[in-house]
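Enquirer: the amino acid sequence is not available; the structure is as follows:
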């Protein structure tokens, strides 16, 4: 049966509008996200097929390619599903920047851990702080491969200046290894330290994230 043949009170969109989102089942909520079904299965049936293949935990981690293996799920629908889970993840980890004050490497680790959790590629982030050591902004500078990322001193400095930062903390992850700096990491860190000194921006720390924890250049006295 086509969804338009359902009584209005049984259609997911109308039920959400009139009765509230909390009254809908997971399959009904998913149906609203993916919007349309196929000739063989209406959108509710398609949603049930997806949920029978992946529970919510698996669905939050599934890839675009894996979703497309389900008949009726193309790139657009797969992207819509991925997007809603990413929004949910960001909401659950959201902390207003103006309330976040950094006192130690552990603080910045806790603040950024959700950005790196289960991330398969190296990602470089710069976090800007004001005079009170409060976070004012952060930005992904680059995303690389499993074992290397592009370290752009110029882009980091330009962003810090635009944000009016008093100090910066940079971080990246080692998804395929331990949190130990490579020779490249050390050279790039030293170059950034020199650039920050020239423009009078404090280079507070460089953290490397891994599954086993983190490495702080500051704690290991490599920024002195």
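Expert: That came in fine, so what should we check first? All of these numbers come straight from a predicted model, not from anything done at the bench.

Enquirer: how is the protein divided into domains?
Expert: The record's domain parsing of the chain by automatic domain parsing lists 3-93, 97-216.

Enquirer: what lies in contact with the host helix or strand of residue 18?
Expert: Applying DSSP states H and E as the criterion places residue 18 in helix 12-19. Helix 12-19 is touched from outside by 8, 9, 23, 24, 28, 29, 31, 32, 43, 44, with contacts defined as CB atoms under 8 Å, 6 or more residues apart in numbering. Where C-beta positions appear, they are placed from N, C-alpha and C, glycine not excepted.

Enquirer: what's the per-residue pLDDT of the residue most central in space within the chain here?
Expert: Centroid-nearest residue in the chain, with CA atoms, centre = their mean: residue 115, separated by 4.5 Å. Note for residue 115: predicted pLDDT of 90.

Enquirer: setting aside sequence neighbours, what's the nearest residue to it?
Expert: What sits nearest to residue 115 in space, not counting adjacent residues and going by CB to CB, 6 or more residues apart in numbering, is residue 125, at 6.2 Å.

Enquirer: is that neighbour located within a strand, as I assumed?
Expert: Yes: checked against DSSP: H, G, I helix; E, B strand; the rest coil, residue 125 lies within a strand.

Enquirer: correct me if wrong: it contacts residue 141.
Expert: Yes: if you go by CB atoms under 8 Å, residue 125 and residue 141 touch, sitting 6.7 Å apart.
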